[in-house]
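Chemist: sequence first, predicted coordinates after that:
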Amino acid sequence: MNGRKTKVLDSGSGEARQCKWQDIRVGDIVKVEKDEEVPADLLLVHSIKEVVFVSTMNLDGETNLKDRELCCTTLNERKLPQFSGTILCDEANASLDVWEGNLSSPDL
């Protein structure tokens, strides 16, 4: 899974470049396409909808889709390459349903 390719936004050019999931680093802005599997924890900062539906079947065996909300609703796609912020959040835990965090950014 980590050898599969995804797209990361280049902060200089603003273009999405291909890279392997194993090369994703904290702070990278990843462009996830519809039906793409995601082998990492991600914070959802932009979508065309305020709520998205994700499958956690590989993690918990449940086949129903789970709704996930955007962490912010004011960030638009053209501002993503220059986006910066700070996240204060819970430590990693085994729960798929409980996680708290705060995103602060001058861009919001």
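Modeler: Nice, thanks for sending it over. Quick caveat: nothing in here was measured; it's all calculated off a predicted structure. Numbering: from 1, shown residues only.
Chemist: would you list every one of the helices in this protein?
Modeler: 57-60 (DSSP state H).
Chemist: please, where are all the strands along it?
Modeler: Counting by DSSP state E, the chain has strands at residues 5-9, 16-20, 30-31, 51-55, 65-69, 86-89, 101-104.
Chemist: shaky segments in the protein?
Modeler: Per-residue confidence of the chain (counting by pLDDT under 70) places the weak regions at 108.
Chemist: what sits against the residue nearest to the spatial centre of it?
Modeler: For the chain, the residue sitting closest to the mean C-alpha position, by Cα atoms, centre = their mean, is Leu42 at 3.4 Å. By Cβ atoms under 8 Å, 6 or more residues apart in numbering, the contact set of Leu42 is 30, 32. All C-beta spots, glycine's among them, are computed from the backbone N, C-alpha and C.
Chemist: rewinding a little: I'd like the strands of the chain written out as CSV, with distance to Lys79 and mean neighbour count added.
Modeler: Formatted as CSV, the strands of the chain follow (distance: least, Cβ to Cβ, whole Å; neighbours: other Cβ atoms under 10 Å):
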stretch, distance to Lys79, mean neighbour count
strand 5-9, 11, 17
strand 16-20, 15, 13
strand 30-31, 14, 16
strand 51-55, 19, 13
strand 65-69, 19, 12
strand 86-89, 17, 10
strand 101-104, 14, 11
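Chemist: need these in CSV (columns: distance to Arg78).
Modeler: Output for those, formatted as CSV (distance: least, Cβ to Cβ, whole Å):
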stretch, distance to Arg78
strand 5-9, 11
strand 16-20, 13
strand 30-31, 13
strand 51-55, 20
strand 65-69, 22
strand 86-89, 22
strand 101-104, 19
